[in-house]
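Undergrad: Have a look at this prediction, sequence included:
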Amino acid sequence: MRAVLFTALSFCLAGEAYCIDNPDVMIKVGDPAPTFEAKDHDGKIWNSEEHYGKKVVVIYFYPADLTGGCTKQACGFRDQYAELEKSGVEVIGVSGDSPENHRLFRELHKLNFSLLADEDGKVARTFGVPVREGATITKNIDGVEKTLTRGVTASRWTFVVGLDGKVIHKNTSVNAAEDSKTVLEAIRLLATSGE
């Protein structure tokens with residue numbers, strides 16, 4: 001037990017290293033997806049148990065609203081959403097940003113799916129996603145300086161949860177601009193293989 005705690009602590013203290021509070025969490029394809037609740041962009045509670053089993057659920061974790069890679073990733077899912085919906089898929093984006101940050105991000109980029117606030121990193125850690133401390137960014141939006149603060153910064157990982165509530169796809173090396181296409185291709189392959 002001490003060795004595990006020491007390893008986790010060392011990992012947390014290594015400069016820019018990512019910190020995992022629970023290094024034993026390792027969700028694999030075929031495992032039941034963790035259940036969770038979080039506030040969405042409107043401040044309403046989104047409960048995974050109300051969505052698992054009804055649709056295939058894509059849960060993608062990303063570092064921050066209104067940053068370059070994260071905007072490309074979100075806009076990719078926006079642009080592919082009609083095709084994903086035809087395949088019975090629901091997309092959820094999760095970051096350490098607040099509901100207010102998410103609302104602004106959705107409005108500016110006309111995002112058509114839910115964004116969940118994971119300001120303490122609890123949801124990310126439940127999935128085994130590495131997180132590090134949050135940050136503040138300032139953006140000029142329509143001539144007005146806006147400051148966005150996030151509680152934690154999660155790694156860019158994507159999970160797909162099948163109708164049986166199990167993880168059917170996991171990507172820990174996500175290409176932000178290509179993530180939506182990768183997910184759609186994985187779902188199509190699973191559909192044609194009969195899984």
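TA: Great, that's in hand.

Undergrad: Residue 141: what's it in contact with?
TA: Shown in contact with residue 141 (CB atoms under 8 Å, 6 or more residues apart in numbering): 104, 108. The way it works is simple: take the backbone N, C-alpha and C, and place the C-beta from them, glycine included.

Undergrad: ok, now how distant is it from residue 93?
TA: Noted for residue 141: a distance of 19 Å to residue 93, by CB to CB, to the nearest Å.

Undergrad: ditto for residue 36
TA: For residue 36 relative to residue 93 (CB to CB), the value is 14 Å.

Undergrad: quick one: which of those two has more around it?
TA: residue 93 (25 against 18; other CB atoms under 10 Å).

Undergrad: so is that one in a helix, a strand, or just coil?
TA: Following DSSP: H, G, I helix; E, B strand; the rest coil, residue 93 is assigned to strand.

Undergrad: How about it, nearest residue that isn't a chain neighbour?
TA: Leaving aside its sequence neighbours, residue 93 sits nearest to residue 115 (CB to CB, 6 or more residues apart in numbering; 4.6 Å).

Undergrad: Kindly report the same for residue 108.
TA: residue 141 is the one closest to residue 108 (CB to CB, 6+ apart), at 6.8 Å.
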